[in-house]
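*Asks:* All I have is the shape, not the residue letters:
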């Protein structure tokens with residue numbers, strides 16, 4: 001068995017992460033000792049912990065060996081016990097916990113996390129009025145108990161999303177389940193709505209264009225938007241600071257893509273050294289946005 005995720009709007013073929021699952025019965029028999037020891041080891045070196053796929057504390061999608069992710073099934077865990085151990089160890093370490101509550105989230109998960117002081121994760125491109133007109137959610141309507149970001153390690157960089165290059169990449173790897181032109185059109189419409197909102201809020205000058213300076217301005221506008229939300233934390237994906245086009249991890253792939261093996265690169269795909277990163281004018285301009293008070297971020 002390995003763990004993964006069922007098909008969803010972003011990965012219609014499901015995901016197989018190639019990782020063995022914890023057996024819930026063995027965890028209970030051990031008094032959750034392996035989980036407790038893992039947390040203690042992490043909190044020994046960190047003041048904050050981000051839990052990837054935090055829904056795994058409630059249930060995990062198990063995929064039988066040799067079968068596609070679509071043929072997996074959910075296996076439930078004792079969420080009350082898992083959360084109790086997590087919160088206890090975080091409290092002992094004086095650490096903050098952030099859960100990646102993205103994707104397929106069953107009812108009650110976000111509420112259970114919030115009640116225990118675990119922050120959620122809100123990604124700009126997913127924040128829409130899903131119960132209303134479906135349009136981008138204005139910053140004042142975002143939740144407060146979250147880490148607000150433009151992207152994550154599992155998603156396209158902001159530059160790739162703005163240019164649509166993520167669609168081409170997924171098409172080249174056979175991950176699309178719809179015609180390429182349909183995917184391109186939907187991605188362009190999505191970006192168009194967000195850029196229109198950024199312009200309306202005075203965060204972007206609205207000149208448009210496809211040159212690098214326009215792209216940089218749009219990325220800075222995205223982060224100005226995040227600063228206007230009530231989110232307790234705002235995160236920056238470091239490749240966004242230099243215009244990297246490639247995702248660090250591409251869900252739905254195993255050995256078809258070099259997941260977790262790509263050095264950070266600039267907009268032309270050239271690897272960036274730590275010294276180059278620290279001296280990057282593009283990164284410095286983005287960091288300057290984040291240093292501004294929210295009320296001053298509109299420019």
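*Replies:* In hand now; what should we look at? The structure presented is a predicted model; accordingly, all values stated were derived computationally and were not measured.

*Asks:* buried stuff in the helix or strand harbouring residue 62?
*Replies:* Using DSSP states H and E, the element containing residue 62 is strand 59-63. Within strand 59-63, the residues that qualify as buried by neighbour count (16 or more other C-beta atoms under 10 Å) are 59-61, 63. To be clear about C-beta, it is placed using only N, CA and C from the backbone, and glycine gets the same treatment.

*Asks:* Most widely separated two among the residues you listed?
*Replies:* Put simply, by C-beta to C-beta the two of those set farthest apart are 59 and 63, 13.6 Å from each other.

*Asks:* one step back: average model confidence for the strand holding residue 62?
*Replies:* Along strand 59-63, the predicted local confidence has a mean pLDDT of 96.

*Asks:* So which residues make contact with the top helix by length along the chain?
*Replies:* Assignment by DSSP state H gives helix 180-200 as the longest helix of the chain. Helix 180-200 is contacted by residues 124-125, 135-136, 138, 161-162, 164, 166-167, 170-171, 176, 204-206, 208, 218, 221-222, 224-225 when judged by C-beta atoms under 8 Å, 6 or more residues apart in numbering.

*Asks:* now, which of the residues you listed lie within strands?
*Replies:* Using DSSP state E, no member of these sits in strands.

*Asks:* okay, the buried residues of strand 59-63 in a markdown table with distance to residue 31 next?
*Replies:* A markdown table is the format used below for these (distance: C-beta to C-beta, whole Å):
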| residue | distance to residue 31 |
| --- | --- |
| 59 | 21 |
| 60 | 20 |
| 61 | 26 |
| 63 | 28 |
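
*Asks:* The helix or strand harbouring residue 227 packs against which elements?
*Replies:* When secondary structure is defined by DSSP H and E, residue 227 falls within helix 212-228. In terms of contacts (3 or more C-beta pairs under 8 Å, 6 or more residues apart in numbering; DSSP states H and E), helix 212-228 is packed against helix 158-163, helix 180-200, strand 233-234, helix 281-291.

*Asks:* Just name the most buried of these.
*Replies:* Of those, the one with the most neighbours on average (mean count of other C-beta atoms under 10 Å) is helix 158-163, at a mean of 22.

*Asks:* and it, what's its mean pLDDT?
*Replies:* The pLDDT scores in helix 158-163 average 95.

*Asks:* One more: stretch 39-46?
*Replies:* Throughout stretch 39-46, pLDDT has a mean value of 95.

*Asks:* Okay, buried residues for that stretch please.
*Replies:* Judged by neighbour count (16+ other C-beta under 10 Å), stretch 39-46 contains these buried residues: 39, 43.

*Asks:* ok, then the element right after the helix or strand of the chain with the lowest mean pLDDT?
*Replies:* Of all helical and strand segments in the chain, the minimum by mean pLDDT, DSSP states H and E falls on strand 15-19, at a mean of 89. Scanning the chain past strand 15-19 towards its C-terminal end, the next helix or strand to appear is helix 24-29 (assignment: DSSP H and E).

*Asks:* packing partners for that next one?
*Replies:* Counting by 3+ C-beta pairs under 8 Å, 6+ apart, the elements that helix 24-29 packs against turn out to be none at all, helix or strand.

*Asks:* How about residues contacting the helix or strand following that helix?
*Replies:* Scanning forward in sequence from helix 24-29, with DSSP H and E defining helices and strands, the next element found is helix 33-43. The contact list for helix 33-43 (C-beta under 8 Å, 6+ apart) reads 22, 27, 49, 82, 85-86, 89-90, 92-93, 95.

*Asks:* List the ones among the residues you listed that fall in strands.
*Replies:* Taking DSSP E, the ones among those that sit in strands are residue 49.

*Asks:* before we move on, the earlier item: can you give me how far the helix holding residue 227 is from the chain middle?
*Replies:* 17 Å (C-alpha atoms, centre = their mean, to the nearest Å).

*Asks:* With stretch 104-118 instead?
*Replies:* Shown here is stretch 104-118, whose average C-alpha point lies 17 Å from the average C-alpha point of the whole chain (C-alpha atoms, centre = their mean).
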